[in-house]
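Student: Got a predicted structure here, sequence first:
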2 protein chains.
Amino acid sequence: MNKPATIKDIAQRLGISISTVSRALRNAPDINAETKQAVVLLSEELNYQPNKLALSLRQKQTHTIGVIVPNLDYVLSTMIRGIDEVALEAGYTVMVCQSNESFGREILNTGRLLDSLVDGFIVSVSSETKIFDHFKKVQARGLPMVVFDRVTPHLTAPSVRLDNEEGGLLATEHLLDQGYKRIAVLAGPANLGVSNSRVDGYLKALKKRKVNIDRQLVVHCDFNQNYAYYATLELLAMRKRPDAIFTISDRMALGAMLAIKEKGLSMPHDIGLVGFNNEPIVNLLTPTISSVDQPSFDMGKAAAKLFIEAMHNQEDMYHVEEVLRPKLFVRESSKRL
Amino acid sequence: MNKPATIKDIAQRLGISISTVSRALRNAPDINAETKQAVVLLSEELNYQPNKLALSLRQKQTHTIGVIVPNLDYVLSTMIRGIDEVALEAGYTVMVCQSNESFGREILNTGRLLDSLVDGFIVSVSSETKIFDHFKKVQARGLPMVVFDRVTPHLTAPSVRLDNEEGGLLATEHLLDQGYKRIAVLAGPANLGVSNSRVDGYLKALKKRKVNIDRQLVVHCDFNQNYAYYATLELLAMRKRPDAIFTISDRMALGAMLAIKEKGLSMPHDIGLVGFNNEPIVNLLTPTISSVDQPSFDMGKAAAKLFIEAMHNQEDMYHVEEVLRPKLFVRESSKRL
DNA sequence: TTGTAAGCGTTATCAT
DNA sequence: ATGATAACGCTTACAA
């Protein structure tokens, strides 16, 4: 129940002034070695911890980063671990808010973090967000803001993202290499950038290999729900059904898998399947599912590093765009050769 | 880039004193209606936001709750949404730290949050933690602390948890009802309370139904890894192999499922399977997996409510122990009748 | 080398 | 009903 010690306490007990104590504790240049030692000793004895509030109030910096993410799924929570790692190292604390993919919630969270006087933001925008005024307000206040994972051209800010197009390309080319001819893609909501880029990669691969593009094979459905299941059933009911499916998330791959099995089709023989994210579960299924891996932890670290840089640099870093490369993990669901 | 307005700014522009402004803003009793209106009007125009730092420094309260969790899996992140919901409502902000199931990390996080001058803690202890001095130090400081999900007898604090024993009982009785005779249980690390309670429930059900208890059928293995896969392979290799498995998490159920399929056994015919947590994936697998559901969101809300109460009540609440009830969702993996 | 005092933005106590 | 002023814990000119 003992109240934490302050520099005032130390000063009193040592019979010196608080500014001397302050200096001793921050090893300022002009300080007597003995006085300093005495202060340090006593401060340790009293288990002195500087009061962050007072410090922040004084120097108008909270050393806190506001992080807003649409959810806390496997990928995002891994990224946050990365952010946290770098932030801690640099003396920053992270405050995480989930928008739950809701525009309103995102605005609310932005306000809350602003209220908490965070020094800046690292955000991944919600899929619902089409207006970015709340984020622009943050920038107008002169606070550094890094966008990661879900970037958008509507926000001019330093960013870290996966080369999603490359991911789509890797997956599709692999399927082509395995002899699949008619590849469908299960995409997310049509306004979600990451989804669209992955589809772009898919299209790019087909063009590159001079494969006919059939728009019927590009299906949009709600993310992460078992909508993928129904979408796949429809795909499989086509008169010329696809012989491979690339889903832009592993969750959707699960839904697709369910439909495929239900139709009595076998993987990888009758139909190939490649997911995205490389979540741990894909290894536990039968067959194991091929998936495009993104270096989530490193992306989180990169975002935090960029933030720290933006924080310390005076110059604008709006143009900085870090793009990390995906990697395909081939597993049973698509390995035919 | 405009600096946020302060009460000082308002006072100056209105030619009144800052204390009057302060009063007007907090609708104190003794304030002239007109003055007040003028202040409120101008504060809105300037988009005045009270400085939380100054406020906290003054009244020695940050209105922030430190939350420490072992990870951010499905269950825990749902619980955090619940905590957040109630906290927001009550005017509190939540700061979440992951211990990654590491004792050292948990201590580190406790220190960080303490440094940040949180008003108290809501924690779920790491599976590695066997010494609780860091948490006891928190309590010694007089900060309220609520333990949730992973509670422990070593910590005397108000708590919210699932009736894990009941969960184990529900699962096991259901399997018995379905005619399974030789039920194995895949448990987590031996020092994890939630795991042990679920096993206790399993044992209780067997006793209740007068079924012989075979200690060989109680297997401990590392949580959430695919250790469950290997453990299941071993179980299935027994001369008298079990005809049903209850796993104390869905992740482990996935591993078990993999092994079962690999052995060419069918569910629910040859072998029954019941998991725990009722994660969304269990619905997407073939067969769908029966699972014990815990009201995660409500548990989070309950923990936060308890915290708020402990915060405002003067009396000790060490004795308060809230226990929520699990519910079994029967699916294909165990439905034989 | 050390002390004094102002200031960060707010609230609360005391006068007026 | 309003205004000074001290205080929260700390840093930092400036003075000694």
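Tutor: Great, that's in hand.

Student: need the residues of chain A near DNA strand C, please.
Tutor: A:15-20, A:23, A:30-32, A:34-36, A:54, A:57-58, A:60 (C-beta under 7 Å from any atom of the strand). For every residue, glycine as well, the C-beta is placed using N, CA and C.

Student: Give me the sheet partners of the helix or strand where A:Met95 lies and which way each runs.
Tutor: Per DSSP states H and E, A:Met95 falls inside strand A:93-98. Here strand A:93-98 has these sheet partners by DSSP bridges: strand A:64-69 (parallel).

Student: avg pLDDT for the partner strand?
Tutor: Averaging pLDDT along strand A:64-69 gives 97.

Student: List the contacts of that strand.
Tutor: Contacts to strand A:64-69, defined as C-beta atoms under 8 Å, 6 or more residues apart in numbering or on different chains, come from residues A:76, A:79-80, A:83, A:87, A:92-99, A:106, A:109-110, A:113-114, A:116-124, A:149, A:304, A:307, B:116.

Student: Specify the next element, helix or strand, located C-terminal of that strand.
Tutor: Next helix or strand after strand A:64-69 toward the C-terminus (DSSP H and E): helix A:74-89.

Student: which helices and strands does that next one pack with?
Tutor: Secondary structure elements in contact with helix A:74-89, counted by 3 or more C-beta pairs under 8 Å, 6 or more residues apart in numbering or on different chains; DSSP states H and E, are strand A:64-69, strand A:93-98, helix A:296-312, strand B:93-98.

Student: Which stretch among the ones you listed is buried most, on average?
Tutor: strand A:64-69 (a mean of 26; mean count of other C-beta atoms under 10 Å in any protein chain shown).

Student: could I have that strand exported to CSV, CA atoms only?
Tutor: Extracted in CSV, the C-alpha atoms of strand A:64-69 (Å, rounded to 0.1, in the frame of the first residue of the first chain):
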residue,chain,number,x,y,z
THR,A,64,2.8,5.4,-26.8
ILE,A,65,1.8,4.1,-30.2
GLY,A,66,-1.9,3.7,-31.0
VAL,A,67,-2.5,0.6,-33.1
ILE,A,68,-5.8,0.0,-34.8
VAL,A,69,-6.5,-3.3,-36.5
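
Student: Show residues contacting stretch A:330-337.
Tutor: A:174-175, A:177-180, A:244, A:257, A:267-269, A:272-274, A:282-283, A:286-291.

Student: circling back to that earlier point, to B:Tyr318, which of the helices and strands packed on helix A:74-89 lies closest?
Tutor: Of all the helices and strands packed on helix A:74-89, it is strand B:93-98 that lies closest to B:Tyr318, at 22.8 Å by C-beta to C-beta.

Student: any idea where the strands of the stretch 151-300 of chain A begin and end?
Tutor: A:159-162, A:183-187, A:218-220, A:244-247, A:272-277, A:290-293 (DSSP state E, counting those that start in this stretch).

Student: Just put those strands in JSON lines and tack on mean pLDDT, distance to DNA strand D and mean neighbour count.
Tutor: Below are the strands of the stretch 151-300 of chain A laid out as JSON lines (pLDDT from 0 to 100; distance: least, C-beta to the nearest atom of the strand, whole Å; neighbours: other C-beta atoms under 10 Å in any protein chain shown):
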{"stretch": "strand A:159-162", "mean pLDDT": "98", "distance to DNA strand D": "32", "mean neighbour count": "24"}
{"stretch": "strand A:183-187", "mean pLDDT": "97", "distance to DNA strand D": "52", "mean neighbour count": "25"}
{"stretch": "strand A:218-220", "mean pLDDT": "96", "distance to DNA strand D": "54", "mean neighbour count": "17"}
{"stretch": "strand A:244-247", "mean pLDDT": "98", "distance to DNA strand D": "53", "mean neighbour count": "32"}
{"stretch": "strand A:272-277", "mean pLDDT": "98", "distance to DNA strand D": "44", "mean neighbour count": "29"}
{"stretch": "strand A:290-293", "mean pLDDT": "98", "distance to DNA strand D": "44", "mean neighbour count": "26"}
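
Student: of the ones you listed, which approaches B:Val320 most closely?
Tutor: B:Val320 lies closest, by C-beta to C-beta, to one member of the strands of the stretch 151-300 of chain A: strand A:272-277, at 40.8 Å.

Student: Counting by contacts, list what that closest one packs against.
Tutor: Secondary-structure packing of strand A:272-277 (3+ C-beta pairs under 8 Å, 6+ apart): helix A:164-177, strand A:244-247, helix A:250-262, strand A:290-293.

Student: change it to 6 Å
Tutor: strand A:244-247, helix A:250-262, strand A:290-293 (3 or more C-beta pairs under 6 Å, 6 or more residues apart in numbering or on different chains; DSSP states H and E).

Student: and the helices and strands packed on helix A:74-89 as a markdown table, adding distance to A:Arg336?
Tutor: Formatted as a markdown table, the helices and strands packed on helix A:74-89 follow (distance: least, C-beta to C-beta, whole Å):
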| stretch | distance to A:Arg336 |
| --- | --- |
| strand A:64-69 | 37 |
| strand A:93-98 | 40 |
| helix A:296-312 | 29 |
| strand B:93-98 | 40 |
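
Student: So which of those is nearest A:Lys137?
Tutor: Per C-beta to C-beta, nearest to A:Lys137 of the helices and strands packed on helix A:74-89: strand A:64-69, 13.1 Å.

Student: can you state the direction angle for that closest one and helix A:74-89?
Tutor: 170 degrees (axes from the mean of the first three to the mean of the last three C-alpha atoms, to 10 degrees).

Student: which residues sit against the helix-or-strand element of chain A with minimal mean pLDDT?
Tutor: The least trusted helix or strand in chain A, going by mean pLDDT, DSSP states H and E, turns out to be helix A:250-262, with a mean of 91. By C-beta atoms under 6 Å, 6 or more residues apart in numbering or on different chains, the residues outside helix A:250-262 that reach it are A:186, A:224, A:226, A:228-229, A:232-233, A:245, A:247, A:271, A:273, A:275, A:277, A:279, A:282, A:289, A:291, B:284, B:286.

Student: Please give me every residue in contact with A:Gly300.
Tutor: So A:Gly300 contacts A:Met79, A:Gly82, A:Ile83 (C-beta under 6 Å, 6+ apart).

Student: Swap in 8 Å and give it another go.
Tutor: Taking C-beta under 8 Å, 6+ apart, we find A:Gly300 in contact with A:Thr78, A:Met79, A:Ile80, A:Arg81, A:Gly82, A:Ile83, A:Asp84, A:Glu85, A:Val86, A:Phe148.

Student: Pretty sure the fourth one sits against A:Met299.
Tutor: No. Counting by C-beta atoms under 8 Å, A:Arg81 does not reach A:Met299; the two are 10.9 Å apart.

Student: Quick check: the closest residue to DNA strand C within the stretch 201-337 of chain A vs chain B, distance?
Tutor: Here the residue of the stretch 201-337 of chain A nearest DNA strand C is A:Met311; by C-beta to the nearest atom of the strand that distance is 19.4 Å. Separation of A:Met311 from chain B (C-beta to the nearest C-beta, to the nearest Å): 16 Å.

Student: Need the pLDDT of that residue.
Tutor: pLDDT, read off for A:Met311, is 91.

Student: A:Asn2 too?
Tutor: Confidence score, pLDDT, at A:Asn2: 68.

Student: Same question for A:Pro189.
Tutor: Value listed for A:Pro189 in the pLDDT field: 88.

Student: what residues are up against it?
Tutor: A:Ser127, A:Ser195, A:His220, A:Asp222, A:Phe223.
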